[in-house]
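Peer 1: Quick one: sequence and predicted model below, then my questions.
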Amino acid sequence: MPTALSLLDLAPIARGGTARESFDASIELAQAAERTGYRRVWYAEHHNMGSIASSATSVLIGHIAARTESIRLGAGGIMLPNHAPLVIAEQFGTLETLFPGRIDLGLGRAPGSDQNTVLALRRDPAQADAFPQDVLELQAYLGGKSVRGVRAVPHAETAPPLYILGSSLFGARLAAQLGLPYAFASHFAPDALHEAVSVYRAEFTPSEQLTEPYVVAGANVFAAEDHDVAVEQKTTAYRARARMMIKSGRPGVNLTDAEIDAFLASPSGRPLASMTKYTAAGTADEVREYLEGFAESSGADELMLAHQAIGTAERVLSVELTAGAMAGSR
């Protein structure tokens, strides 16, 4: 079966840039994805991260939906332990009412933030344990049902489809039990990908939303017209990523590029380096070859691609080149 292609926009705020510039870049990326045949664009909920602008995920989805015409848009995902299910049902019922047939709702159980931020969100850190029950409650609200005498308003005629996000067997089993599509975060947590997909497919139970298992797998992409340019984009982006993650734990530490490279190659840095295991970097043909192999080995029905070049123009070009190269695979 052909592999669908979708886009994960991490809404990065460039060093020295602003959140407004990030939102403008997100519009460009979504419009590029729409005109080149991507199926959907997702935005992820993060908090207390100065380099990511998608904290108010539902607001950003509405902003992009108003500036595109047909592409599906959604959360990849909403971290449900941070929210009351009723509030998310109201937000996504509103989005689906405004943009019918175009809204997705991916759900994760990680907080997407540190413990102090969880407390600032007025949530109990143990709320993640209630994730399965919260998914069912949210599903009931979106379906127009009353929960303890409460209904979500507005209620769209058709509920936005739910996806379970995960990077472990827990999410795979829950998605299988509920008969929902399963999206694996292999773009940054690759280790359990193949086992989780196998468990999900083996344990899947059909539901009203889905009759057969459906797997979305994440991968990173740097596509350019020249191989060396793409590799340099990857090197630059992953150095910046490592530097940010190191500084978050050790404020005031500034490492040179050579020091970053040495750290990533060391035993201490290898876990961080391995997070981006599934990365395609090169020309359009090289990226296509990698992604076709990745889709086959992972058993993915859909690839959720994070184009990670730092510059907006470079990300848009990567979106376009990848779409063109993969057209025969979809």
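Peer 2: Alright, I've got the coordinates.

Peer 1: Buried ones in the helix or strand residue 33 falls within, by neighbour count?
Peer 2: Assigned by DSSP states H and E, residue 33 belongs to helix 19-35. Neighbour counts over helix 19-35 (16 or more other C-beta atoms under 10 Å) mark 22-23, 25-26, 29-34 as buried. C-beta: built from backbone N, CA, C; applies to glycine.

Peer 1: Give the buried residues for the lowest-mean-pLDDT helix or strand in the chain.
Peer 2: Every helix and strand of the chain was ranked by mean pLDDT, DSSP states H and E. The lowest is helix 115-120, at a mean of 79. Buried positions in helix 115-120, judged by neighbour count with 16+ other C-beta under 10 Å: 117-118.

Peer 1: tally of neighbours for residue 36?
Peer 2: 19 (other C-beta atoms under 10 Å).

Peer 1: Isn't it up against residue 323?
Peer 2: Yes - assessed by C-beta atoms under 8 Å, residue 36 is found in contact with residue 323 at 3.5 Å.

Peer 1: circling back to that earlier point, now the least confident helix or strand of the chain - C-alpha only, PDB.
Peer 2: Taking Å, rounded to 0.1, in the frame of the first residue of the first chain, the C-alpha atoms of helix 115-120 are listed here in PDB:
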ATOM      1  CA  GLN A 115       7.600  19.200  37.000                       C
ATOM      2  CA  ASN A 116       7.500  22.900  38.000                       C
ATOM      3  CA  THR A 117       5.600  23.700  34.800                       C
ATOM      4  CA  VAL A 118       3.100  20.800  35.500                       C
ATOM      5  CA  LEU A 119       2.400  22.500  38.800                       C
ATOM      6  CA  ALA A 120       2.000  25.900  37.100                       C
END
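
Peer 1: Quick one: name whatever helix or strand follows it.
Peer 2: Taking DSSP H and E, what comes next after helix 115-120 is helix 131-142.

Peer 1: Could you point out the helix or strand that follows the longest helix along the chain?
Peer 2: Longest helix in the chain by number of residues (criterion: DSSP state H): helix 227-249. Using DSSP H and E, the helix or strand that directly follows helix 227-249 along the chain is helix 257-265.

Peer 1: now that next one, how far from the centre of its chain.
Peer 2: Offset of helix 257-265 from its chain centre (C-alpha atoms, centre = their mean, to the nearest Å): 27 Å.

Peer 1: And the contacts of that helix?
Peer 2: 238-239, 242-243, 246, 255, 269-270, 272-273 (C-beta atoms under 8 Å, 6 or more residues apart in numbering).

Peer 1: got any ranges where this structure has weak pLDDT?
Peer 2: For the chain, applying pLDDT under 70 flags the ranges 1-2, 111-113, 125, 248-252, 328-330.

Peer 1: which stretches of it form helices?
Peer 2: Going by DSSP H, the chain shows helices at 19-35, 57-65, 85-98, 115-120, 131-142, 169-178, 193-203, 227-249, 257-265, 270-274, 284-298, 312-326.

Peer 1: now the ones you listed in TSV, with distance to residue 44?
Peer 2: Shown next, in TSV, are the helices of the chain (distance: least, C-beta to C-beta, whole Å):
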stretch	distance to residue 44
helix 19-35	12
helix 57-65	7
helix 85-98	14
helix 115-120	15
helix 131-142	17
helix 169-178	15
helix 193-203	18
helix 227-249	15
helix 257-265	23
helix 270-274	19
helix 284-298	20
helix 312-326	16
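
Peer 1: what sits against residue 221?
Peer 2: By C-beta under 8 Å, 6+ apart, the contact set of residue 221 is 279-281, 287, 291, 305-308, 318, 322.
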